[in-house]
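Asks: coords please:
(3 chains)
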Amino acid sequence: MSDKPYLTGRTYLFKISKGDDLLAALEDFCVENQIKCGLVSGIGATISCNYGFYDQKKKTYIKHKYDGAAEILSLAGNVSLRDGRPMVHAHIMIETAEGKVSGGHLMGGTKVFASELFIQELVGEEKSRKLDKATGLFLWTNVKN
Amino acid sequence: MSDKPYLTGRTYLFKISKGDDLLAALEDFCVENQIKCGLVSGIGATISCNYGFYDQKKKTYIKHKYDGAAEILSLAGNVSLRDGRPMVHAHIMIETAEGKVSGGHLMGGTKVFASELFIQELVGEEKSRKLDKATGLFLWTNVKN
Amino acid sequence: MSDKPYLTGRTYLFKISKGDDLLAALEDFCVENQIKCGLVSGIGATISCNYGFYDQKKKTYIKHKYDGAAEILSLAGNVSLRDGRPMVHAHIMIETAEGKVSGGHLMGGTKVFASELFIQELVGEEKSRKLDKATGLFLWTNVKN
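Replies: All right, here's what the predicted structure looks like:
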């Protein structure tokens, strides 16, 4: 692999508010600040959480919803472009009051109780997602990776 | 949201020793190096682990303790100020020998078997925690986020 | 602790392909790009996953293998040198179709369905791993940490 390195651009550490939609808040932040490529992480707690498990054979996400208080044990992902718009691809892991740990592909509708988020902008060759037939996923299509 | 970006400051990658208190070691490191804002992550293994689940209704942490060997699957969080002193807010996830995965808000008294830690200092507007009545948590009070 | 800070060097965000060995791909990338020290993270999905739990008394890894589709909920670790060659030490956490979450020390033979990876090079004092008798692990031996 001969990927070109990125330069680190702007760096953000911020909170979002009770009731905010986690994925929408991240993507809105990227749109408002014109962040086209970057790294995302965060912690916090959710009021409800929507996440997906990708069925590699059927090439579709199986959607899960947990309604109830949970800790965000981990939130990690990236920002890149899809149809010219910043898109956040992140995986979340939560633990419920009963001690059950689960998670997957972060989906819209996840409401936070509180959350502290980090975005590291990356400056360089933009990454765009296109449908990849082999996996059914929207993957980066740049030639060199 | 119109947060100002941070500049990336000093960057540390270091280990702590067998028996060290994970949270205390992170906070001591920040105090000694005067890191007032930043990002924290790490991996390793614990001898014992203390973590909390936040009861969103009672507004208090339910404390959990696991005494025994465990892998640190993930450790992620941030550094900011509380009462003028660097405070680390991090979430940890562990897996025990029996294969049970659990975690939550990292608490004092967690002893490591070995751990490799990363701190990215962020330079810019300092973030200070104050009690937020809506959640009962100590959240950042800066006007713009 | 009086660790010297690192400078952030090159920054990479890249994907690997279906069937690639996750650990080998990370280490090959570091070798090809001469990354001797850094931070690693990523998300994605696996076709099969090999990970270890460290038995702190017997000082050996208990190896686990999951054959089947799984989401990578978290992948976090670092790059340093062992015997002069870049070595990636990372912990992975996966969730299976049945909703079981598990993970540990990432081992060779883990095949991805798709994966998006981040490497932040750190420039400064190189870190080398040597056998640490107290833990049985290959830890950084630099004097100051």
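
Asks: use CA for all of it now, contacts and neighbours both
Replies: OK.

Asks: Check the gap between the residue positioned nearest the centre of chain A and chain B for me.
Replies: Nearest to the mean C-alpha position of chain A, by Cα atoms, centre = their mean, lies residue A:90 at 2.4 Å. Residue A:90 sits at a distance of 15 Å from chain B (criterion: Cα to the nearest Cα, to the nearest Å).

Asks: I'd assumed residue A:74 was in contact with that residue.
Replies: No - with contact taken as Cα atoms under 8 Å, residue A:90 and residue A:74 are classed as non-touching, separated by 10.0 Å.

Asks: In the beta-sheet assignment, what are the partners of residue A:67?
Replies: Here residue A:67 sits in beta bridges with residue A:48, going by DSSP bridges.

Asks: Report how many residues lie close to it.
Replies: Neighbour count for residue A:67, taken as other Cα atoms under 10 Å in any protein chain shown: 14.

Asks: What of the one 10 residues further on?
Replies: The burial metric for residue A:77, expressed as a neighbour count using other Cα under 10 Å, is 26.

Asks: ok and the helix or strand hosting it relative to strand C:60-82, angle-wise?
Replies: Secondary structure from DSSP states H and E places residue A:77 in strand A:60-82. Calculated by axes from the mean of the first three to the mean of the last three Cα atoms, to 10 degrees, strand A:60-82 forms an angle of 10 degrees with strand C:60-82.

Asks: can you give me the mean pLDDT across strand A:60-82?
Replies: Across strand A:60-82, the average pLDDT comes to 98.

Asks: In it, which residues are buried?
Replies: A:64, A:66, A:69-82 (16 or more other Cα atoms under 10 Å in any protein chain shown).

Asks: Quick check: the gap between the closest residue in space to residue A:69 that isn't next to it in sequence and chain C.
Replies: Nearest residue to residue A:69 in three dimensions, chain neighbours excluded: residue A:47, at 4.8 Å (Cα to Cα, 6 or more residues apart in numbering or on different chains). As judged by Cα to the nearest Cα, residue A:47 and chain C stand 20 Å apart.

Asks: Likewise for residue A:28?
Replies: On the measure of Cα to the nearest Cα, residue A:28 and chain C end up 22 Å apart.

Asks: element containing that residue?
Replies: Counting by DSSP H and E, residue A:28 is found in helix A:22-32.

Asks: now that helix against strand A:60-82, angle please.
Replies: Here helix A:22-32 runs at 20 degrees with respect to strand A:60-82, directions being taken by the same axes, to 10 degrees.

Asks: Are helix A:22-32 and chain B in contact anywhere?
Replies: Yes - for helix A:22-32, a contact with chain B is found by Cα under 8 Å from any Cα of the partner chain, at A:29, A:32.

Asks: and that helix, what other elements does it pack with?
Replies: Judged by 3 or more Cα pairs under 8 Å, 6 or more residues apart in numbering or on different chains; DSSP states H and E, the packing partners of helix A:22-32 are strand A:85-96.

Asks: What pairs with the very next helix or strand once past the strand it packs on, parallel or antiparallel?
Replies: Going down the chain from strand A:85-96, the next helix or strand is strand A:101-106, by DSSP H and E. Paired strands of strand A:101-106, with direction, are strand A:38-55 (antiparallel), strand A:85-96 (antiparallel) (DSSP bridges).

Asks: any idea of the mean pLDDT in strand A:101-106?
Replies: 98.

Asks: Touching, the residue nearest to residue A:69 and residue A:65? I think so.
Replies: No - using Cα under 8 Å, residue A:47 is not in contact with residue A:65; the gap is 11.0 Å.

Asks: Quick check: which ranges of chain A have low pLDDT?
Replies: A:1-2, A:142-145 (pLDDT under 70).

Asks: Surely residue A:57 is in a helix?
Replies: No - applying DSSP: H, G, I helix; E, B strand; the rest coil, one finds residue A:57 to be coil, outside a helix.

Asks: Number of residues surrounding it?
Replies: Residue A:57: 9 neighbours (other Cα under 10 Å).

Asks: How much space separates it from residue C:97?
Replies: 12 Å (Cα to Cα, to the nearest Å).

Asks: what do you get for residue A:19?
Replies: 29 Å.

Asks: who touches the residue nearest to residue A:69 in this structure?
Replies: A:19, A:67, A:68, A:69, A:70, A:110, A:111, A:112, A:113 (Cα atoms under 8 Å, 6 or more residues apart in numbering or on different chains).

Asks: Recalculate using a threshold of 6 Å.
Replies: When contacts are counted by Cα atoms under 6 Å, 6 or more residues apart in numbering or on different chains, residue A:47 touches A:68, A:69, A:111, A:112, A:113.

Asks: which one of those is nearest residue C:129?
Replies: residue A:112 (40.5 Å; Cα to Cα).

Asks: Tell me how many other residues surround the closest residue to the closest one other than its chain neighbours.
Replies: Leaving aside its sequence neighbours, residue A:112 sits nearest to residue A:46 (Cα to Cα, 6+ apart; 4.0 Å). For residue A:46, the neighbour count with other Cα under 10 Å is 28.

Asks: Ok, residue A:28 next?
Replies: 17.

Asks: what does residue A:98 give?
Replies: 9.

Asks: what about it, distance to residue B:55?
Replies: 11 Å.

Asks: ok so, going back, would you mind pulling up the elements that the strand holding residue A:77 packs against?
Replies: Under the contact definition 3 or more Cα pairs under 6 Å, 6 or more residues apart in numbering or on different chains; DSSP states H and E, strand A:60-82 sits against strand A:38-55, strand A:85-96.

Asks: centre of the chain versus that strand, how much separation?
Replies: Mean-position distance between strand A:60-82 and its chain equals 7 Å (Cα atoms, centre = their mean, to the nearest Å).

Asks: How about stretch A:15-22?
Replies: 14 Å.

Asks: Also stretch A:24-41?
Replies: The mean C-alpha position of stretch A:24-41 is separated from the chain mean by 10 Å, Cα atoms, centre = their mean.
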